[in-house]
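Novice: pasting the structure only:
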DNA sequence: GACTATTTATAAAC
DNA sequence: GTTTATAAATAGTC
């Protein structure tokens, strides 16, 4: 994001990857706290490093408490909801990829604009 | 963050709060995905809006799977003795670092030798 | 682990 | 939802 765009793929250089992990992890935790404070939300966030180390944030109470709330709010429709969300995510990713390749006339030609229901 | 700094407290205007919630929630989810991809991390993130609506992201597998991993990695680590020992070790390391910097007369002057209980 | 040049995120205003 | 001016995050560097 600075002094050069970043490619959205795994950083291969282990030193660069570790440095970026530290910086962005700190940034992510900060943003999560800010969202919770500014907008009165409750956030549970946990990050496993590639080597298995855990970093966590629970903006209210304990992570266990938030996890219980999460499980309660999802119980009853777990599997279908999970699958639907994963499929929606995949569609989103594919569509973003498509948009970068398609010119407006190609879109018109193949009517790709209606790819989404 | 733009056209004016933001005060780190709950946004009182409900419209502003809702708009900010949508924008920042999207930003937070994006940042989490980026961290996972760039640094080969696994992230579980769930957000309850002030009104109880759930937004979630699991960068690998399902949130249930990540929660299980989280619970495993934290179980057993709650032993107070374990944490006390780790903190004592850290203090020892820091003190050794200090001693390499302090000359005897500085130690005498500030009585740093008694910094630990 | 501090310093910029840049990119990104986003608050306010449409 | 789009735009735009500005604040924040951060990639590369030392």
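Specialist: Yep, it's here. Fair warning: this is a prediction, and the values are worked out from it, not measured in the lab. Residues are numbered from 1 along each chain as shown, chains lettered A, B, ... in the order given.
Novice: Could you use CA atoms for every contact and neighbour count after this?
Specialist: OK.
Novice: tell me which residues in stretch A:75-91 are buried?
Specialist: If you call a residue buried by 16 or more other CA atoms under 10 Å in any protein chain shown, then stretch A:75-91 has these buried ones: A:82, A:86.
Novice: dump the residue contacts of the closest residue to residue A:45 other than its chain neighbours.
Specialist: Take residue A:45 and drop its neighbours on the chain: the residue closest to it by CA to CA, 6 or more residues apart in numbering or on different chains is residue B:45, 4.4 Å away. If a contact means CA atoms under 8 Å, 6 or more residues apart in numbering or on different chains, then residue B:45 has A:43-46, B:56-58 as its contacts.
Novice: can you give me phi and psi for the residue in chain A that DNA strand D sits nearest to?
Specialist: Closest residue of chain A to DNA strand D, CA to the nearest atom of the strand: residue A:27 (3.4 Å). Its backbone dihedrals place residue A:27 at phi -60, psi -40, with angles given as degrees, to the nearest 10.
Novice: How about the contacts made by it?
Specialist: Contacts of residue A:27 (CA under 8 Å, 6+ apart): none.
Novice: what do you get for residue A:22?
Specialist: Residue A:22 neighbours (CA under 8 Å, 6+ apart): none.
Novice: Which element, helix or strand, includes it?
Specialist: Element membership for residue A:22, per DSSP states H and E: helix A:14-39.
Novice: mean confidence for that helix?
Specialist: For helix A:14-39, mean pLDDT rounds to 98.
Novice: Help me see whether that helix makes contact with DNA strand C, please.
Specialist: Yes: counting by CA under 7 Å from any atom of the strand, DNA strand C is contacted by helix A:14-39 at residue A:31.
Novice: which residue sits closest to residue A:33, ignoring its sequence neighbours?
Specialist: Once chain neighbours are set aside, the closest to residue A:33 by CA to CA, 6+ apart is residue A:59, at 6.6 Å.
Novice: Can you report how many residues lie near the nearest residue to residue A:49 once chain neighbours are set aside?
Specialist: Spatial nearest neighbour of residue A:49, excluding adjacent residues (CA to CA, 6+ apart): residue B:41 at 4.8 Å. Other residues near residue B:41 number 24, with proximity taken as other CA atoms under 10 Å in any protein chain shown.
Novice: Do I have it right that residue B:41 meets residue A:53?
Specialist: No: taking contacts as CA atoms under 8 Å, residue B:41 lies outside contact range of residue A:53: 9.6 Å.
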